[in-house]
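K.L.:
for reference, the sequence and a predicted model appear below.
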Amino acid sequence: MSINVLLFASYADALGAPSICVDIPADATVADVLAAIRLQPGAGLLPAKPLVAVNQKYARSTTSVKHGDEVALIPPVAGG
Amino acid sequence: MTAAGRLTRVPIDASALIAEVSAPAHGAIILFLGVVREVNDGRGVTGIEYSAYEAMAAAELQAIASEAATKFASSAVVIEHRVGELALEEASVGIAVAHAHRGEAYAVSRWTIEELKRRVPVWKREQYVDGTQEWVDPSGRPATGMSA
């Protein structure tokens, strides 16, 4: 299946877009999403283990990702 | 009990935040403002652009306010984080806390800003006096080595 991954701030700059569409297995996890993103131009600028949110909650590498989920890479937060 | 957290695109109104947490039961109100500063890590700053994963940031701000009001019973908490272009001395975040007593009010205020900095998906790009700009991470280093 293909899934749209939201990108923000420095990560959006690194990959050159505010979101990116990647192909992952049907029974995928966050780790699969990250592996697919690694193949994209500019992904070398990302840290080894970027934070990921699934459906607007912080996720682990083992969190499952299903069709229709909202997935986002979260750069180091800098609020306040 | 008041517990609200949200993003805003317009200047933070400190008086409005105070009014929102004020109640006859509260003997202490603490207002915290995070403000754009002219120097960061030795570099001259002229302004900061704040951006956010807006839906998640709003949800996290609301969750932190609710958790604070639960963790510190009988407190009222309102958090506002601004997004967009901010000039020096403008407030990027405002936190108003009210409680019957000052000790708890200070504790809630401190806990709330530390949680915000730890988990709310908001980012800042500093603009410097030499015309460059960089996304900043919490330790003060550029976030990915990208600069523009």
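P.N.:
Thanks, I have the structure now.
K.L.:
mind listing the helices for chain B?
P.N.:
With helices called from DSSP state H, chain B shows them at B:14-21, B:54-71, B:102-119.
K.L.:
helices and strands around the shortest one, which ones?
P.N.:
Right, the one you point to is helix B:14-21. Here helix B:14-21 touches strand B:28-35, strand B:76-82, strand B:91-99, going by 3 or more Cβ pairs under 8 Å, 6 or more residues apart in numbering or on different chains; DSSP states H and E. In this view, the C-beta of every residue, glycine as well, is placed from N, C-alpha and C.
K.L.:
mind checking the pLDDT average for the shortest one?
P.N.:
By that I understand strand B:76-82. For strand B:76-82, the mean pLDDT works out to 98.
K.L.:
spell out which parts of chain B neighbour chain A.
P.N.:
B:34, B:50-53, B:55-57, B:59, B:81, B:92-93, B:113, B:116-125, B:135-138, B:142-146, B:148 (Cβ under 8 Å from any Cβ of the partner chain).
K.L.:
what's the neighbour count on B:Lys124?
P.N.:
23 (other Cβ atoms under 10 Å in any protein chain shown).
K.L.:
okay, and the beta partners of it?
P.N.:
B:Tyr50, B:Val136 (DSSP bridges).
K.L.:
which ones are touching it?
P.N.:
The contact partners of B:Lys124, taken as Cβ atoms under 8 Å, 6 or more residues apart in numbering or on different chains, are A:Ala78, A:Gly79, B:Ile48, B:Glu49, B:Tyr50, B:Ser51, B:Ser92, B:Trp135, B:Val136.
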